[in-house]
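1. turn this into a structure:
(chains A and B)
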Amino acid sequence: MKRQTAKDKTILIIEDEPAVLQALVDTFAREGFYVLRAKSGNKGLVLALKKRPDLILLDIIIPGMDGLAMLEKLRKSAWGKSIPVIILTNFSDDSKVSKALENGVYDFLVKTDWKIRDVVERAKNILGIGSHDKKEQ
Amino acid sequence: MVKKEKSPRLLKEIYKQDNLKKALEDLINLIYFTEDLSAKIHYVESGKKGIFRTIRKEFEDSKKYRMGIFLLTDDKTSLKMEETSMPLKISKLLGKTTGEWQKSYRINLNKAKSFAQVFKNGKTLRKAVSDIIEELFPRPVLPLILDSTGFNKGSCIMTPLNFYGKKIGVFIMSSVDLAEYLIPSVKNLAEHITAALERTDRQTRQKKIEDALRKSEEKFKEVFNSSPNAITIADLNGKIIDCNQATLDLHGFSKKKELIGMSAFSLITPREHRKAEKNMKKTLEQDSIEGIEYTFLTKKGQEFPAELSASVIRDSSGNPSFFIAITKDISERKNIDKVKDEFISIVSHQLRTPLTVMSWYSEMLLLDNKHNNRGQQEKYLKEIYIANQRLIELVNAFLNVSKIELGNFDFESRPINLIKTVNRILVGFSPQIKKKKLEIEKNYNKKPLIINTNVNLIETIFQNLLSNAIKYTSPGGKIKIGIIRDKSDLLVKVADNGYGIPKAQQSEVFKKLFRADNIIKKDPEGTGLGLYITKSLLECFGGEIWFESRENRGSSFYALIPLERKRRAS
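-> You can find the predicted model right below:
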């Protein structure tokens, strides 16, 4: 089986805070990912369905349709059923976590608690690539 | 040693009860004026005395029987006789006055041996009575009454009168004949007398208890009806027996009869019936239960949260007879809790965003130093700096909010030069004004304007209104500042031709943490607290704030500041 690398992977980051978005874009781009960005739920959904990324990083508090609503719509579409999604947020509200988990989210990361490197590692892990060479389960 | 018994209830004590006294007198009359013994017994029992008044005259002439009741006074040691009319009546029987009788007659005690030597005068009669009372003679005494010459004048039967088992006196009957055969009847009559006395006493006391009960019931009714708390009384199955006006109001009923007879459970959502049943059992076991939260229902089926406390009311023998419950609507408290939770949640989000930026950019600077060129490093540092500034601004705003909400704001007023203050604030904004090439139009007299006010209030108003106008106006736009002062108020106007506020969101402008959709897109870095703080503070000073706005045309904010601080009535 051909070894996967970051270069083959497209990642969509949906985040409305420009500074946070820029940090993620810079870091993932440097790792070799092809990075797409959106600042609202609506734009994120359109972009996801059009470009079909391998992984989505999704903020919850975003203008227009919020992250969870967008996720629900995504899961209803034929393509979006199984696409891995990492929720990035600064909420640590239990009800939101459980709602996100219902929708098959891979991770629910509180931004302040995570180093940006670890976010990247987590993404690589999910996509089966990267330095930590974990066996696929 | 024999335990000392409580002294008998004595006459004075009995006489304190008006009803009893009257009953006693009635009894005496009844007995005295009744001729036939069996009739006496019958009438004492049934209490019909009226008929006998009519035959009184006839009876008095016959002089066949006489009888009397002697009652003890409260002097326990000497056991004096109460001077009722009875001794007189007995002496009348013997044809003499009391005094003469006492002197003239002696009583032969052949048939009551141990009374020998005793019945010589009035004193001895007392002793005889007291002996009976002390139960020296368990059987009725039957002395013969002889005149001074030894002629048999008749006989006298004495039998103790009981009052709840205590001897309180004697019943005496005398006859011109030998009356030995009357003993059983006399005993019987005495029993009826004591029974009648006890009955009257019970009735009197019962009436007193009932009066007291009725009074306390009236008091309770008054408290019950006027209580602002919803009080419901239910039987042991939970069926509503009674409720007050507050209960009707709480559940939206208009009449008591709609609720009475209904199960109290029907006021609680069916989801919680099992919980309610459990708690009802628990209440019975531990007598009361406090502050249990339920989702209650109104008549129309609307749900609301309320807290229920209940107690078991028991009857005199300790058996539970019903429940009394107080229900308190806690919607408001719940709402406050919800708002508080939301606030904490949003605040944590707001604070964490700049913290994330600072953390990630410094991490990027540290880890990937070799990849970054100088330009990029500077860019990252700038992001850290901006995030830090934003954090400072946020923390200050939150502290202000908590100061206002806790009422810790300093409300001192002192004279300030308003124009100077406004100019100082404008100087602080000059970098942004210059950067956006905004035009500032000052529509006020530039001469010093001294007013007596709170400097924090003035600074908060101008800081927030100007900062919003500068942030939410496109480059090259225009901001107008107006200040008008009259006798009692100061009116401040800050108008811009900027982005404006979407009509649909205008009602939310002063809400805590609100930010309009259009400006979030243009500037994600706002706290959503500025106008909330300004409005809250102004209201504390009795002032007002309002605005006019059209999207893409601009906004005009007005603040009315009273110069004499009127504290808002809370």
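
2. enumerate the residues of chain A near chain B.
-> A:16-20, A:22-24, A:26-27, A:30, A:61, A:63-64, A:89-93, A:110-112, A:115-117 (CB under 8 Å from any CB of the partner chain). All C-beta spots, glycine's among them, are computed from the backbone N, C-alpha and C.

3. helices along chain A, start to end?
-> A:18-30, A:41-51, A:67-76, A:94-102, A:116-127 (DSSP state H).

4. and those helices: which comes nearest B:Gln376?
-> Of all the helices of chain A, it is helix A:18-30 that lies closest to B:Gln376, at 8.2 Å by CB to CB.

5. what residues sit buried inside that closest one?
-> A:19-28 (16 or more other CB atoms under 10 Å in any protein chain shown).

6. can you get me a residue count around the closest residue to chain A within chain B?
-> When scored by CB to the nearest CB, chain B has B:Arg352 as its residue closest to chain A, at 3.6 Å. By other CB atoms under 10 Å in any protein chain shown, the residues close to B:Arg352 number 19.

7. stretch A:51-65: how far from the chain's middle?
-> Remark: stretch A:51-65 is offset 6 Å from the chain centroid, using CA atoms, centre = their mean, to the nearest Å.

8. what comes up buried for it?
-> Neighbour-count burial for stretch A:51-65, counted by 16+ other CB under 10 Å, picks out A:53-65.

9. those residues: which two are farthest apart?
-> Farthest pair in the buried residues of stretch A:51-65, by CB to CB: A:Asp54 and A:Pro63, 25.3 Å.

10. show me where pLDDT drops low in the stretch 101-250 of chain B?
-> B:101-158, B:167-189 (pLDDT under 70).

11. local confidence estimate at the closest residue to chain B within chain A?
-> Chain A approaches chain B most closely through A:Asn90 (3.6 Å), counting by CB to the nearest CB. A:Asn90 carries a pLDDT value of 78.

12. before we move on, what about B:Val339?
-> So B:Val339 comes in at 71 (pLDDT).

13. same check, this time on the one 3 residues further on
-> B:Glu342 is assigned a pLDDT of 70 by the prediction.

14. got any ranges where the chain has weak pLDDT?
-> Going with chain A. A:1-4, A:92-100, A:103, A:130-137.

15. not quite, I wanted chain B
-> B:1-158, B:167-189, B:368-372, B:524-525, B:564-570.

16. helices and strands around the lengthiest helix in chain B, which ones?
-> The longest helix of chain B (DSSP H) is helix B:183-226. In terms of contacts (3 or more CB pairs under 8 Å, 6 or more residues apart in numbering or on different chains; DSSP states H and E), helix B:183-226 is packed against helix B:18-32, helix B:37-46, strand B:152-163, strand B:166-175.

17. and the contacts of stretch B:231-238?
-> Contact partners of stretch B:231-238, identified using CB atoms under 8 Å, 6 or more residues apart in numbering or on different chains, comprise B:224, B:240-244, B:246-247, B:259, B:263-265, B:280, B:284, B:320-327.

18. please enumerate the helices of the stretch 301-450 of chain B.
-> For the stretch 301-450 of chain B, applying DSSP state H, counting those that start in this stretch gives helices covering B:331-367, B:374-406, B:418-435.

19. run through the residues that contact the spatially most central residue of chain A.
-> Geometric centre of chain A, nearest residue: A:Leu57, 1.7 Å, by CA atoms, centre = their mean. A:Leu57 is in contact with A:11-15, A:24, A:85-86, A:88, A:119, A:123, counting by CB under 8 Å, 6+ apart.

20. okay, and which of those map to strands?
-> When DSSP state E defines the strands, the subset of the contacts of A:Leu57 inside them is A:11-14, A:85-86, A:88.

21. list just the nearest of those residues to B:Gln376.
-> For those, the nearest to B:Gln376 is A:Ile13 (18.7 Å; CB to CB).

22. identify the bridge partners of the closest one.
-> A:Arg37, A:Leu57 (DSSP bridges).

23. looking at it, it is touching A:Val25, isn't it?
-> Yes. Taking CB atoms under 8 Å as the contact criterion, A:Ile13 and A:Val25 are neighbours in contact, 6.3 Å apart.

24. joint contacts of these two?
-> Common neighbours of A:Ile13 and A:Val25 (CB under 8 Å, 6+ apart) are A:35, A:37.

25. which parts of the particular helix or strand that has B:Ile545 in it are buried?
-> Here B:Ile545, judged by DSSP states H and E, is contained in strand B:544-550. Within strand B:544-550, the residues that count as buried by 16+ other CB under 10 Å are B:545, B:547, B:549.

26. who's in contact with B:Glu342?
-> Contacts of B:Glu342 (CB under 8 Å, 6+ apart): none.

27. so how far is B:Ser316 from it?
-> According to CB to CB, to the nearest Å, B:Glu342 stands 53 Å off from B:Ser316.

28. swap in B:Val401?
-> 58 Å.

29. comparing the two, which shows the higher neighbour count?
-> With neighbours defined as other CB under 10 Å, B:Val401 and B:Ser316 compare such that B:Val401 has more, 19 against 6.

30. identify the residues contacting the more buried one.
-> Here B:Val401 is in contact with B:512, B:529, B:532-533, B:536 (CB under 8 Å, 6+ apart).

31. and for B:Ile501?
-> B:509, B:516, B:518, B:547, B:549, B:551, B:555.

32. ok, which pair from those residues is furthest apart?
-> B:Asn518 and B:Phe547 (15.0 Å).

33. who in the stretch 301-450 of chain B is up against chain A?
-> So far as CB under 8 Å from any CB goes, the stretch 301-450 of chain B lies against chain A at B:345, B:348-349, B:352-353, B:355-357, B:359-361, B:363-364, B:367-368, B:371, B:383, B:386-387.

34. at 10 Å instead, please
-> Proximity of the stretch 301-450 of chain B to chain A, by CB under 10 Å from any CB of the partner chain, involves residues B:341-342, B:344-346, B:348-361, B:363-364, B:367-368, B:371-372, B:376, B:379-380, B:382-384, B:386-387, B:390.

35. would you mind writing the CA trace of stretch B:531-551 as CSV?
-> Only the C-alpha atoms of stretch B:531-551 are listed here, as CSV (Å, rounded to 0.1, in the frame of the first residue of the first chain):
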residue,chain,number,x,y,z
LEU,B,531,-23.0,49.6,25.1
TYR,B,532,-24.2,47.3,27.8
ILE,B,533,-21.9,48.9,30.3
THR,B,534,-22.7,52.4,29.1
LYS,B,535,-26.5,51.8,29.4
SER,B,536,-26.2,50.0,32.8
LEU,B,537,-24.1,52.8,34.2
LEU,B,538,-26.3,55.6,32.8
GLU,B,539,-29.4,54.0,34.3
CYS,B,540,-27.7,53.8,37.7
PHE,B,541,-27.4,57.6,37.4
GLY,B,542,-31.0,58.0,36.3
GLY,B,543,-29.9,58.7,32.7
GLU,B,544,-31.0,57.3,29.3
ILE,B,545,-29.4,56.1,26.1
TRP,B,546,-31.0,55.6,22.7
PHE,B,547,-30.1,55.6,19.0
GLU,B,548,-31.2,55.9,15.5
SER,B,549,-29.6,53.8,12.8
ARG,B,550,-29.8,52.6,9.3
GLU,B,551,-27.6,49.9,7.9
